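Student: no sequence for this one, just the structure:
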């Protein structure tokens, strides 16, 4: 139900999704842009029985932890108004609260969050929408493209590519563009989604003009049409993580914050202690971000992934790095697990945001590996999934939050469970 009323209230906490939370005459109000301790005026855009949602319209008494945002219209960086040390503290609090609420863990072994070395300029990819001459992200809750001349979350090479695109863009040709960067090798790749009006010649001319302006733009590809493929330059991105060179198709997922991704792989290495003779299982393996470094350390590794392009990339990267102990299984995890025989010395799982299929949690109990490392991108879903694992006899040994996404409320957590 739409609403346009305003309320004044004090923010007393922060919700899982990053909004400030306050109360007004018994009504719980989720206030986008509010900080604990602040008195604010909130303009509501939704009101339901018992709760409402809105955006901070004015800060009447600011928190000492409020800072000036870098972007006037930065819905993709919804925590940019919060000083970075406060962002870290709030993320730790959210993890603690979600584990208590959803897993009944009121005193979890929660380690201090690992801060990002670069709170700005860390993202190696971006998916931007195009509307005429406007290039940017959708405004929150809408399909209106907010023009973004520069994004301070992106690596410099991607901002160079974005600036170059603005100089050559012909309105009406593109619906969206995905930019990706190689941190190790310093170049960028672009994937265009054309509009129905665009011809192959239009896109070739656009790509060539764009690359002429941006020398670091090594390739431009097109998706969504029968003539999908490279229209100019290279068609593959190579990057390096923990000493492994990954050869990536443009559509394959790779972590957007490489220094923090390396730290996650190190945490998995510490927990699973890979060495010759160790047998490990990697579920939701993707391109082998965890699997290949673990196998390179000597472990025999079975990696399960349902997306065929990611499997192909993982196998290619394994061959490129002469890693012979990693075997990829192309299947949904819930379908593959019943056919996998143990024993495994350890299991790593890095599920998507929706978490694990219930059948996966049942199979993990059956396999009974002595150690599980669960990499989570959603504390609430993590709390939900831990319930069945704890009920099957696992004990929570460590909860390690790590900040992969500064200036946003997104939280990555690496959890170690022992049987």
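Tutor: Yes, it's here. Treat the numbers as computed from the prediction; the structure is a model and nothing was measured.

Student: these two touch, right, residue 128 and residue 135?
Tutor: Yes. Using CB atoms under 8 Å, residue 128 is in contact with residue 135, at 5.3 Å. In this view, the C-beta of every residue, glycine as well, is placed from N, C-alpha and C.

Student: and the residue lying closest to residue 114 once chain neighbours are set aside, how many neighbours does it have?
Tutor: Spatial nearest neighbour of residue 114, excluding adjacent residues (CB to CB, 6 or more residues apart in numbering): residue 402 at 4.3 Å. Neighbourhood size, residue 402 [other CB atoms under 10 Å]: 22.

Student: Quick check: which ranges of the stretch 201-350 of the chain have low pLDDT?
Tutor: Within the stretch 201-350 of the chain, the ranges that satisfy pLDDT under 70 run 224-230.

Student: how about the helices of it, start to end?
Tutor: 258-272, 291-296, 308-320, 333-336 (DSSP state H, counting those that start in this stretch).

Student: Give the other helices and strands that the third one contacts.
Tutor: Right, the one you point to is helix 308-320. strand 244-248, helix 291-296, strand 300-305, strand 326-330 (3 or more CB pairs under 8 Å, 6 or more residues apart in numbering; DSSP states H and E).

Student: Buried deepest among these, which one?
Tutor: helix 291-296 (a mean of 27; mean count of other CB atoms under 10 Å).

Student: Name the residues that touch it?
Tutor: 241-244, 246, 265, 268-269, 272, 274, 280, 282, 285, 301, 303, 314, 317-318, 321, 323, 325-326, 328, 348 (CB atoms under 8 Å, 6 or more residues apart in numbering).

Student: right, and residue 159 touches residue 149 too?
Tutor: No. In terms of CB under 8 Å, residue 159 does not count as a neighbour of residue 149; the distance is 9.1 Å.

Student: So those two - more neighbours on which side?
Tutor: Neighbour totals were compared for residue 159 and residue 149, and residue 159 leads with 21 against 10 (other CB under 10 Å).

Student: Assign a three-state SS to the closest residue to the more buried one other than its chain neighbours, would you?
Tutor: The spatial neighbour of residue 159 that comes closest, neighbours along the chain excluded (CB to CB, 6+ apart), is residue 150 at 5.2 Å. Following DSSP: H, G, I helix; E, B strand; the rest coil, we place residue 150 in the coil state.

Student: quick one on the thing from earlier: name the residues contacting each of residue 128 and residue 135.
Tutor: By CB under 8 Å, 6+ apart, residue 128 and residue 135 have these common neighbours: 148, 162, 177.

Student: Please report how far the residue lying closest to the first one once chain neighbours are set aside lies from residue 106.
Tutor: It refers to residue 148. Leaving out its chain neighbours, the residue that sits closest to residue 148 by CB to CB, 6+ apart is residue 136, at 3.5 Å. Computed as CB to CB, to the nearest Å, the residue 136 to residue 106 distance reads 43 Å.

Student: So between the two, which is more surrounded?
Tutor: Neighbour count, other CB under 10 Å: between residue 136 and residue 106, residue 136 has more, with 21 against 9.

Student: Which of the helices and strands packed on helix 308-320 sits closest to residue 66?
Tutor: strand 244-248 (38.6 Å; CB to CB).

Student: Now tell me what touches the closest one from outside.
Tutor: With contact meaning CB under 8 Å, 6+ apart, strand 244-248 is reached by 180, 184, 236-240, 254, 287-289, 292-293, 296, 313, 316-317, 320-321, 323.

Student: before we move on, what about stretch 149-169?
Tutor: 70-71, 76-77, 120-126, 128, 130, 133, 135, 148, 177, 179-181, 183, 186-188, 190, 206, 209-210, 213-214, 216-217, 407.

Student: Give me the longest helix you can find in this protein.
Tutor: Ordering each helix of the chain by length in residues (DSSP state H) puts helix 84-103 first.
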